[in-house]
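Asker: have a look at this prediction, sequence included:
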Amino acid sequence: MARKLSSIAPGWWDYTTLDTDLIEEVALLTPEKMLQLSRPGFKVVMYDTLEDFYLAEALEYVNAWKQSTADNPVGICGPIGPTEQLPLVARIINELNISVKSAHFWGMDEWVMGDKEVSPDHPLSFEKADRELCFNRIKKELVMPDENLHFPKADTAVYRKSWEGVRCAVMQGGQGDIKHWAFNDPPKREAEYIDNPPPPEVYRKLTARVVDLHPITIAQNARTSGGGNITLVPTKAITVGPVETWMAEKVSIWHAGMHDNPFGQRLTTYMISKNMVDTSVPMSLLADHPNVQFNFYRGGIGDCSVVMH
């Protein structure tokens, strides 16, 4: 029997196709109940201030890179969104005089226009943001060489190969309104997946690739990065895939309350805790990863009560 149609975009899968009972149960979760959803392999952490939240996120970069040596290089894969941690990373490294020359960094994703990735000159370029907010701010005598910075391209061969021989200590991410990490959006409702979304084992085989973006993702990026001007936002992107994600020793997702909403933060926390994996909610696939941490700014969790504006 076919699952219900999405109330957002009928040609796609997304969380609105889930059972109503689950939606209603999740909406009632309090922050205290969310904290109790930690289990072996899944840890829920809350921070009382944004300063503490972003400092902790920045320290994940520093602590990962401090493990790196010339003969045992270590890296971190990081998002654009959040970005507030990036200048803090540079400041900590400079102030404490920490050499990160042997360390690596993988960008999670990048926009695609036509059949190519956008150039670092594009105003929405993720590479541009990473460089301007972090790497260009690190002292030259401390920063890693450019060949240790791996930004995804439309031809993903070089990017995928860069994951070989370098240990990824942490993959960070944010969570978008469509419940993705990176641009691992829900799939389209087409072909053999008209009635039900692809099984998790199919989605888990996806590597870094070029994807069409769910309409919600396009709208969200316009809101968070382009003043709401949807015409600015490309409709395709390159994303790190589940295959690379499972090469990371730890997956650390940061919820400041500025990207996904109160309901979304509750939904994926609950699904991962309860091992409810469903590809209409891609973030839920992380239930199968052995080491996942959800980090929340307590003031950004909000609630799901109805308030008319």
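Answerer: Ah, there it is. Numbers count the residues shown, from 1 in each chain.
Asker: any idea which helix is longest in this protein?
Answerer: Assignment by DSSP state H gives helix 50-66 as the longest helix of the chain.
Asker: using PDB, write out every CA atom in the next helix or strand after it.
Answerer: Next helix or strand after helix 50-66 toward the C-terminus (DSSP states H and E): strand 74-78. C-alpha atoms of strand 74-78 as PDB (Å, rounded to 0.1, in the frame of the first residue of the first chain):
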ATOM      1  CA  VAL A  74      43.700  13.300  10.500                       C
ATOM      2  CA  GLY A  75      41.000  15.600   9.200                       C
ATOM      3  CA  ILE A  76      37.500  16.900   9.800                       C
ATOM      4  CA  CYS A  77      34.600  17.300   7.400                       C
ATOM      5  CA  GLY A  78      32.700  20.400   8.000                       C
END
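Asker: chain center to strand 74-78, what's the gap?
Answerer: In terms of C-alpha atoms, centre = their mean, to the nearest Å, the centre of strand 74-78 is set 13 Å apart from its chain centre.
Asker: related to what we said a few turns ago, return the distance of the longest helix of the chain from the chain's centre.
Answerer: Mean-position distance between helix 50-66 and its chain equals 16 Å (C-alpha atoms, centre = their mean).
Asker: which parts of the stretch 1-150 of the chain are strands?
Answerer: For the stretch 1-150 of the chain, applying DSSP state E, counting those that start in this stretch gives strands covering 42-47, 74-78, 104-107, 109-113, 116-117, 149-150.
Asker: how about these in CSV, adding distance to residue 2?
Answerer: In short, each C-beta sits where N, CA and C put it, glycine included. Formatted as CSV, the strands of the stretch 1-150 of the chain follow (distance: least, C-beta to C-beta, whole Å):
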stretch, distance to residue 2
strand 42-47, 31
strand 74-78, 36
strand 104-107, 38
strand 109-113, 31
strand 116-117, 36
strand 149-150, 41
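Asker: buried deepest among those strands, which one?
Answerer: strand 74-78 (a mean of 25; mean count of other C-beta atoms under 10 Å).
Asker: show me what counts as buried in the longest helix of the chain.
Answerer: 50, 53, 54, 56, 57, 58, 60, 61, 62, 64, 65, 66 (16 or more other C-beta atoms under 10 Å).
Asker: repeat that for stretch 150-159.
Answerer: Counting neighbours by 16+ other C-beta under 10 Å, stretch 150-159 gives 150, 151, 152, 153, 154, 156, 159 as buried.
Asker: so which of these comes closest to residue 18?
Answerer: Nearest to residue 18 among the buried residues of stretch 150-159: residue 152, at 30.1 Å, using C-beta to C-beta.
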